[in-house]
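J.: I need the structure of the sequence given here:
(one chain, ligands or ions: 1)
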Amino acid sequence: METDVLIIGAGPAGCFTGKILAEHGLKVTIVEEHAEVGKPACCTGIVGLSGLRELGIKPGKWVLGRLRGAKIYPPSNNSIKLTRGKVEALVVDREKFDRSLADAAVKAGADLLLGRRCVDLDFNDTPLIETQDGVKLKARVVIGADGPHSIVARKLGLLVSSKYVKCAQVETEADVDRDVAEIYLNKSFSPGFFGWMVKAGKVARVGLGTAAGNPVRLLRSFLSEHPVVSGKVGKVVHNRCTGVIPECMSRRIHKGTVLLVGDAAGQVKPLTGGGIYIGLCCAKLAAETVIRAFESGRMRDLESYPGAVMKKFGSEFRVGMRVKKLFDQMSNEDLNFLSTFLIQDEVREIVLKNFDFDHHEKVISALVARAPEVLKSIGIRRALKYIKFLT
Ligand SMILES: Cc1cc2nc3c(=O)[nH]c(=O)nc-3n(C[C@H](O)[C@H](O)[C@H](O)COP(=O)(O)OP(=O)(O)OC[C@H]3O[C@@H](n4cnc5c(N)ncnc54)[C@H](O)[C@@H]3O)c2cc1C
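T.: The predicted structure follows:
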């Protein structure tokens, strides 16, 4: 079987790429290893509203909640609520969300092959992939949209680093505000990342990520021992899942006639690991690049894809990764200090004025632009310590 573009993986990034390509009249085949799109899903499902608008995705039956801000719990548990009062993000049902994107791709003309796992790839001449049932598929261009453990990235030697944040999440009853995402910063419970609690329809999604250790064991202690969380969650657990988030920019994203998109490409927010919005944006950039290459008849035009991604997100990725490095080295005492810094009126004002759910660089740059005041409130000794963390 031969097609113009073969997409491996029917997650959000793969389906969105497929939809745009099929709308432009290309012959598109999407291969998905599972029998159903969106299953199994392990995701909290928070997506910025302005990002979805930018991509032309209208809220549908997959919306489970609307968030107007965040409540941050530092290790001291003196929480800080940050909100501008308007809806900033949606909580989505990932199964339904993914299915709506797959339906749109099929409606545009893409073929969706379910229950077909790509087990081997040959890129010597015309790209050829083989599925677990021995079917061979040929294409002029291959898109690896096969998630964090991408076989395409591994087979092509595109992994730059194989660092992941390991996550565990449950759905349970919990006493949590409907319109804020609760974020728990505490090195003892979630080293190298954070914990969260978000209302999603009738239940709450409670989870954490960790750079080290067993996330399931850490989540168990988060639920039963964290001074705030243990008092909020119920005993009945509806849904347990584990998953990983790849490190931002941990893969090269182009080789020959192959492009990577989404988690397969390490296209996630450096600070929170959120990958839905960035993956969809990069899917659009990948599709536009492929369309140009087909129009010109020059497959080497695919080389422009990494540049297009860096033009849109390069600064966001670089700044976010530096701040992540700073967070990684902060102790619980530093995190408590940071929370006292955040409640100062002038700092709070900068944060609320510049916060952009999908572009964290904006608020970071605004704080850096006010460096003299920030330095004054942090104190020189502490500022020097944090600058050392960054170098
Ligand atoms: C616990 C947790 C919570 C998260 N919460 C959020 C959040 O709130 N907001 C946010 O923006 N992001 C969140 N993320 C990240 C988000 O889930 C991912 O960034 C997003 O799913 C990436 O989409 P994708 O299409 O690139 O990959 P995926 O959604 O992973 O889709 C890849 C698809 O490829 C298929 N596949 C894989 N290998 C093969 C193969 N060999 N052959 C055929 N098919 C294959 C898979 O079955 C899957 O359907 C979270 C992640 C975790 C682990």
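
J.: So which bits of the stretch 201-350 of the chain are right by the ligand?
T.: Residues of the stretch 201-350 of the chain lying close to the ligand by C-beta under 6 Å from any ligand atom are 207, 243-245, 262-264, 268, 273-277, 279. Heads up, the C-betas are built off the backbone N, CA and C, glycines and all.

J.: which two from the residues you listed end up farthest apart in space?
T.: For those, the maximum inter-member distance is 22.1 Å, found between 207 and 264 (C-beta to C-beta).

J.: Assign a three-state SS to the residue nearest to residue 228 when sequence neighbours are not counted, would you?
T.: The shortest distance from residue 228 to any non-neighbouring residue, by C-beta to C-beta, 6 or more residues apart in numbering, is to residue 77 (5.3 Å). Secondary structure, DSSP: H, G, I helix; E, B strand; the rest coil: residue 77 is coil.

J.: out of residue 207 and residue 264, which sits in the busier spot?
T.: residue 264 (30 against 27; other C-beta atoms under 10 Å).

J.: ok, the more buried one - contacts?
T.: Counting by C-beta atoms under 8 Å, 6 or more residues apart in numbering, residue 264 touches 9, 13, 144, 145, 146, 147, 148, 150, 152, 153, 251.

J.: Hmm, residue 146 and the first one touching each other?
T.: Translated: residue 9. Yes. Counting by C-beta atoms under 8 Å, residue 9 touches residue 146, with 3.8 Å between them.

J.: where along the stretch 201-350 of the chain do the strands fall?
T.: According to DSSP state E, counting those that start in this stretch, the stretch 201-350 of the chain carries its strands in the segments 203-210, 233-246, 254-255, 258-260.

J.: Quick check: nearest residue in space to residue 65, chain neighbours excluded?
T.: The shortest distance from residue 65 to any non-neighbouring residue, by C-beta to C-beta, 6+ apart, is to residue 91 (3.7 Å).

J.: just residue 214 next, same as before
T.: Here the residue nearest residue 214, using C-beta to C-beta, 6+ apart, is residue 166, at 7.8 Å.

J.: Bridge partners for residue 237, pull those for me.
T.: residue 172 (DSSP bridges).

J.: what's around residue 175, how many residues?
T.: Close neighbours of residue 175, defined as other C-beta under 10 Å, add up to 11.

J.: from the contacts of residue 264, which is closest to residue 363?
T.: residue 13 (25.7 Å).

J.: Chain neighbours aside, what residue packs nearest to the spatially most central residue of the chain?
T.: In the chain, the C-alpha nearest the mean C-alpha coordinate belongs to residue 275, at 1.7 Å (C-alpha atoms, centre = their mean). Nearest residue to residue 275 in three dimensions, chain neighbours excluded: residue 268, at 4.0 Å (C-beta to C-beta, 6+ apart).

J.: do the same with residue 226
T.: Residue 226's closest residue in space is residue 189 (C-beta to C-beta, 6+ apart), at 5.8 Å.

J.: With residue 290 instead?
T.: The shortest distance from residue 290 to any non-neighbouring residue, by C-beta to C-beta, 6+ apart, is to residue 141 (5.5 Å).

J.: per-residue pLDDT, that neighbour?
T.: pLDDT for residue 141: 97.

J.: what's in contact with the helix or strand harbouring it?
T.: Counting by DSSP states H and E, the element that carries residue 141 is strand 136-144. With contacts defined as C-beta under 8 Å, 6+ apart, strand 136-144 is touched by 1-9, 14, 17, 29, 31, 121, 123, 126-131, 150-153, 156, 257-261, 264-265, 286, 290, 293-294, 299, 302.

J.: Emit the ChimeraX select command for whichever of those are buried.
T.: Restricted to buried positions by 16 or more other C-beta atoms under 10 Å, the ChimeraX selection for these reads:
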select :3,4,5,6,7,8,9,14,17,29,31,121,123,127,128,129,131,150,151,152,153,156,257,258,259,260,261,264,265,286,290,293,294,302
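
J.: Spell out, range by range, the helices that occur in the stretch 251-391 of the chain.
T.: Using DSSP state H, counting those that start in this stretch, the helices of the stretch 251-391 of the chain run over residues 276-296, 305-329, 332-342, 345-354, 361-369, 371-378, 380-390.

J.: chain center to the first one, what's the gap?
T.: Same thing as helix 276-296. Relative to the chain's own centre, helix 276-296 is displaced by 18 Å; criterion: C-alpha atoms, centre = their mean, to the nearest Å.

J.: Could I get the buried residue list for that helix?
T.: For helix 276-296, a neighbour-count test (16+ other C-beta under 10 Å) marks 276-291, 293-294 as buried.
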